[in-house]
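Visitor: What shape does this take:
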Amino acid sequence: MRELLLKVSRLAELAELDLNPVRVRSDGCVALDVRARFEPDVSADPFLRRLRD
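Guide: Model prediction:
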C-alpha cells in the first residue's frame, strides 16, 4: 500500500483521488476502482501568468 501511495503522490497535477476498493495481497496491492481529478499546475509568478493570458 505504501508503494501505491508513493507513486500516486508524484502526480504533480493531481487534485483529487479516490481508490476504492484496494486489494492488498502478499505480493503488492491493486486499486480495483479509481477516480481521479487533475488540475493544471498554476504558477505563482505574475510574469508567467501574464504570458498565459
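Visitor: Tell me who's in contact with the nearest residue to residue 13 once chain neighbours are set aside.
Guide: Excluding its sequence neighbours, the residue lying closest to residue 13 (Cβ to Cβ, 6 or more residues apart in numbering) is residue 38, at 4.7 Å. Glycine gets a C-beta too; all of them are placed from N, C-alpha and C. Contacts for residue 38 (Cβ atoms under 8 Å, 6 or more residues apart in numbering) come out as 11, 13-15.
Visitor: of the residues you listed, closest to residue 29?
Guide: Among the contacts of residue 38, residue 11 lies closest to residue 29 (Cβ to Cβ), at 17.2 Å.
Visitor: Just give the number of residues close to that closest one.
Guide: Burial of residue 11, expressed as a neighbour count using other Cβ atoms under 10 Å, amounts to 11.
Visitor: what sits against it?
Guide: Residues near residue 11 by Cβ under 8 Å, 6+ apart: residue 38.
Visitor: SS state for it?
Guide: At residue 11, secondary structure determined by DSSP: H, G, I helix; E, B strand; the rest coil is coil.
Visitor: quick revisit: what's across from the residue nearest to residue 13 in the sheet?
Guide: On the basis of DSSP bridges, residue 38 is bridged to residue 14.
Visitor: any idea how far residue 14 is from residue 41?
Guide: Distance of residue 41 to residue 14, given as Cβ to Cβ, to the nearest Å: 10 Å.
Visitor: quick one, helices of the chain?
Guide: 2-9, 46-52 (DSSP state H).
Visitor: Counting neighbours, what do you get for residue 28?
Guide: If you count neighbours by other Cβ under 10 Å, residue 28 ends up with 10.
Visitor: State the pLDDT value of it.
Guide: pLDDT recorded at residue 28 is 87.
Visitor: which ones are touching it?
Guide: Residues near residue 28 by Cβ under 8 Å, 6+ apart: 3-4.
Visitor: now swap in residue 27 and tell me
Guide: Listed by Cβ under 8 Å, 6+ apart, the contact set of residue 27 is empty.
Visitor: Phi, psi for it please.
Guide: Phi and psi for residue 27, reported as degrees, to the nearest 10, are phi -100, psi 10.
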